[in-house]
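1. what shape does this take:
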Amino acid sequence: MGIEIERKFLLASDDWRKEVETTIVMGQGYLNDATSVQQGVQNVSMRVRLEGSDARINIKSRELGASRQEFDYLIPLADGEALLKLCVGSRIEKHRHHVRHGGHLWEIDEFLGGNAGLVVAEIELDSVDEAFARPAWLGREVTELLRYYNLNLASYPYAQWSAEERAARDA
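-> This next block holds a predicted model:
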């Protein structure tokens, strides 16, 4: 069992684009919905992801915040494609850009489709209180805000957010 310690941020500028090392095209879906997880009916989110020619199944515990249990397994591509057809909600399409800054790898997700226009940066840490260098392009932290989690974006895409919800993004 692994523990994922991850923090999420919005972006203050596009300056990160100059530092991109690699970009991976991803498509993913969820075998359960956000409501079941938020209401405690289910204690995990179950994701299927295609990333390039690989497929993965991922299970994360439902804790809100930077630290939660994570189980992630490589599966045959054909299995991943079949499982994606069983997913609920919208499929998440994104480009994941890798950027190194201050000794850490940042994963910047640039969403497409129903979540186009949303860009979120994530950093994985070794401990919840680990210090890290904040790049100048980094904006407000949204780790504690459920609507920025991919599971929620599959149920309630960015394109459906109200003007107030979008404006709160930058608050």
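2. got the buried residues for the strand or helix carrying Arg91?
-> Using DSSP states H and E, Arg91 maps to strand 88-101. Under the neighbour-count criterion of 16 or more other CB atoms under 10 Å, strand 88-101 has 89-94, 97, 99, 101 buried. All C-beta atoms are positioned from the backbone trio N, CA, C, and that covers glycine.
3. give me the most central residue, this protein.
-> Asn150 (4.8 Å; CA atoms, centre = their mean).
4. where does this protein have low pLDDT?
-> The chain contains residues with pLDDT under 70 at 1, 168-171.
5. mind checking the longest helix of it?
-> helix 77-84 (DSSP state H).
6. for it, name the packing helices and strands.
-> Where contact means 3 or more CB pairs under 8 Å, 6 or more residues apart in numbering; DSSP states H and E, helix 77-84 is packed against strand 20-30, strand 44-51, strand 54-61.
7. quick one on the thing from earlier: give the buried residues for the next helix-or-strand element following the strand holding Arg91.
-> Using DSSP H and E, the next helix or strand after strand 88-101 towards the C-terminus is strand 104-111. Neighbour-count burial for strand 104-111, counted by 16+ other CB under 10 Å, picks out 106-111.
8. strand partners (parallel or antiparallel) of strand 104-111?
-> Listed by DSSP bridges, the sheet partners of strand 104-111 and their directions read strand 88-101 (antiparallel), strand 119-124 (antiparallel).
9. out of these, flag the one nearest Pro135.
-> In terms of CB to CB, the element of the strands paired with strand 104-111 nearest to Pro135 is strand 88-101, at 4.6 Å.
10. how far does that closest one sit from the chain's center?
-> 6 Å (CA atoms, centre = their mean, to the nearest Å).
11. relative to strand 20-30, how tilted is it?
-> Angle, strand 88-101 to strand 20-30, by axes from the mean of the first three to the mean of the last three CA atoms, to 10 degrees: 160 degrees.
12. contacting residues around the nearest residue to Ile59 once chain neighbours are set aside?
-> Nearest residue to Ile59, sequence neighbours excluded (CB to CB, 6 or more residues apart in numbering): Phe71, at 4.4 Å. When contacts are counted by CB atoms under 8 Å, 6 or more residues apart in numbering, Phe71 touches 1-2, 58-60.
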